[in-house]
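1. Have a look at this prediction, sequence included:
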Amino acid sequence: NKSIDQGKNLLDSRIKMSNKVNIDSNKSKKKNPEELLLKLLNLNPFKQRKLFKLHESAIYVLTELHPEIFCKKFIFKHCRTPSTPLSVLCALHASTSLLEKVYCLYPDALSS
């Protein structure tokens with residue numbers, strides 16, 4: 001599907017920009033989507049909000065391609081306890097549309 005390929009290319013380019021590491025498109029297909037989500041969200045909410053804006057569209061693509069990963073808790077660098085992606089997105093001041101999308105995928109995230 002052409003739109004999925006475009007989304008994967010967008011995701012690859014966002015990770016390249018944030019990590020300044022060349023990622024071969026064949027290697028990124030083999031990467032675990034949970035690892036990609038962690039790379040995109042492991043940011044200090046007090047210091048790296050502007051960098052997060054570069055990642056936001058890539059995270060939106062992940063919600064389309066791998067919605068199941070937003071229903072889990074992860075250990076993020078700047079959180080004391082395992083947290084849901086929704087919590088970290090709130091701390092990073094994600095757009096309302098992205099927050100709504102992730103909330104629709106896992107409404108129980110608010111109570112956990």
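-> All right, it came through fine.
2. Could you use CA atoms for every contact and neighbour count after this?
-> OK.
3. SS state for Lys50?
-> Here Lys50 is recorded as helix under DSSP: H, G, I helix; E, B strand; the rest coil.
4. pretty sure Ala109 contacts Thr84?
-> Yes: Ala109 is within contact range of Thr84, at 6.3 Å (criterion: Cα atoms under 8 Å).
5. Overlap of the contact sets of those two?
-> Residues within reach of Ala109 and of Thr84 at once, by Cα atoms under 8 Å, 6 or more residues apart in numbering, are Cys71.
6. pLDDT at Pro82, what is it?
-> The pLDDT attached to Pro82 in the predicted structure is 93.
7. er, Ile4 actually
-> Ile4 carries a pLDDT score of 59 in this model.
8. Rank the helices and strands of this structure by mean pLDDT and give me the bottom one.
-> helix 25-30 (a mean of 50; mean pLDDT, DSSP states H and E).
9. to the chain's geometric centre, what's the distance from the helix or strand just after that helix?
-> Using DSSP states H and E, the helix or strand that follows helix 25-30 in sequence is helix 33-41. Its chain's C-alpha centre lies 6 Å from the corresponding centre of helix 33-41 when counted by Cα atoms, centre = their mean, to the nearest Å.
10. And stretch 77-86, by the same measure?
-> With Cα atoms, centre = their mean, you get 13 Å for stretch 77-86.
11. list the buried ones in that stretch?
-> Ser83, Thr84, Pro85, Leu86 (16 or more other Cα atoms under 10 Å).
12. So which of the residues you listed belong to helices?
-> Pro85, Leu86 (DSSP state H).
13. From start to finish, how long is stretch 67-87 in a straight line?
-> Stretch 67-87 has an end-to-end distance of 16 Å (criterion: Cα to Cα, to the nearest Å).
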